[in-house]
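A.B. asks: Sequence first, predicted coordinates after that:
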Amino acid sequence: MPHPGAAKARGILESSSGLVLEQITRPGVGAAIWRRNRSPGFAEWIESIPPGQLPALRAVADFRTIERGVHAACDLSGLPAGTMRDLLASDIGALALMLARIMRNPLMHIRFEAVTTDACRRFHVDQLPARLLCTYRGPGTQFGLEDENGRIVRAGAMRSGEVAVLRGASWPGMEVTGLLHRSPPIAGTGKVRLFLALDPMVEPAEARRLH
């Protein structure tokens, strides 16, 4: 376990290449962000989906079954099959593969759902080794750092479609995760986020702490 004077991982690495996600293991890095753009056709499609048809999926699964699980969630929500739905499911499956490779763990917890509240509105560090985040619709995750006076200073934000891998409090090694994040406050705005979180599976006693 890190000692009280351990170095802090507070840095953010950004790139237009998905390979940047693998750099989360570099010393001092608290988050690696893939700054990608949604295609115009995909953006138009996903923004037009009625909130009641947005898929929802919470499960523990092998990364090889994630794409199929997303399709099943879309079937249950009444979201019609089609090219764009295929693109969404295959993208989530590819991100699951990336996380499995980075963490060397094929099992993960997936949370894929619409968000309309200020869930996780406080800046925090997740109580797990790592987390992959992507907001397919709506404003993305916000980042912050604590200054010498204990105040939170904003350190950037993600846009729709971008992907990040964040270190959590139980990231292996001697560094302390010092980069904070939160969900953007949207309660009362009418905005709807379609949010994906992938967490490497941990021991059953630890799994209860996931949120």
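C.D. replies: Looks like it arrived, so ask away. Keep in mind it's a predicted model, so treat the numbers as computed, not measured.
A.B. asks: burial of residue 185, as a residue count?
C.D. replies: Number of residues near residue 185 (other C-beta atoms under 10 Å) recorded here: 14. From N, CA and C alone the C-beta is placed, and that goes for glycine too.
A.B. asks: oh sorry, the question was meant for residue 64
C.D. replies: 12.
A.B. asks: Show me what the longest helix belonging to the chain packs onto, helices and strands only.
C.D. replies: With secondary structure taken from DSSP state H, the chain has its longest helix at helix 83-103. Other elements packing on helix 83-103 under the criterion 3 or more C-beta pairs under 8 Å, 6 or more residues apart in numbering; DSSP states H and E are helix 40-48, helix 66-77, strand 107-115, strand 130-137, strand 163-167, strand 193-200.
A.B. asks: Tell me which residues of the last one come out buried.
C.D. replies: By that I understand strand 193-200. 193, 194, 195, 196, 197, 198, 199, 200 (16 or more other C-beta atoms under 10 Å).
A.B. asks: Out of the residues you listed, which is nearest to residue 187?
C.D. replies: Distance to residue 187 across those (C-beta to C-beta) is lowest for residue 193, with 11.3 Å.
A.B. asks: ok, the nearest residue to that closest one once chain neighbours are set aside to residue 97 distance?
C.D. replies: Nearest residue to residue 193, sequence neighbours excluded (C-beta to C-beta, 6 or more residues apart in numbering): residue 138, at 3.4 Å. Residue 138 sits 25 Å away from residue 97, going by C-beta to C-beta, to the nearest Å.
A.B. asks: Those two: who's more crowded?
C.D. replies: Each of residue 138 and residue 97 had its neighbours counted (other C-beta under 10 Å), and the higher figure belongs to residue 138 (20 against 15).
A.B. asks: Done for today, thanks.
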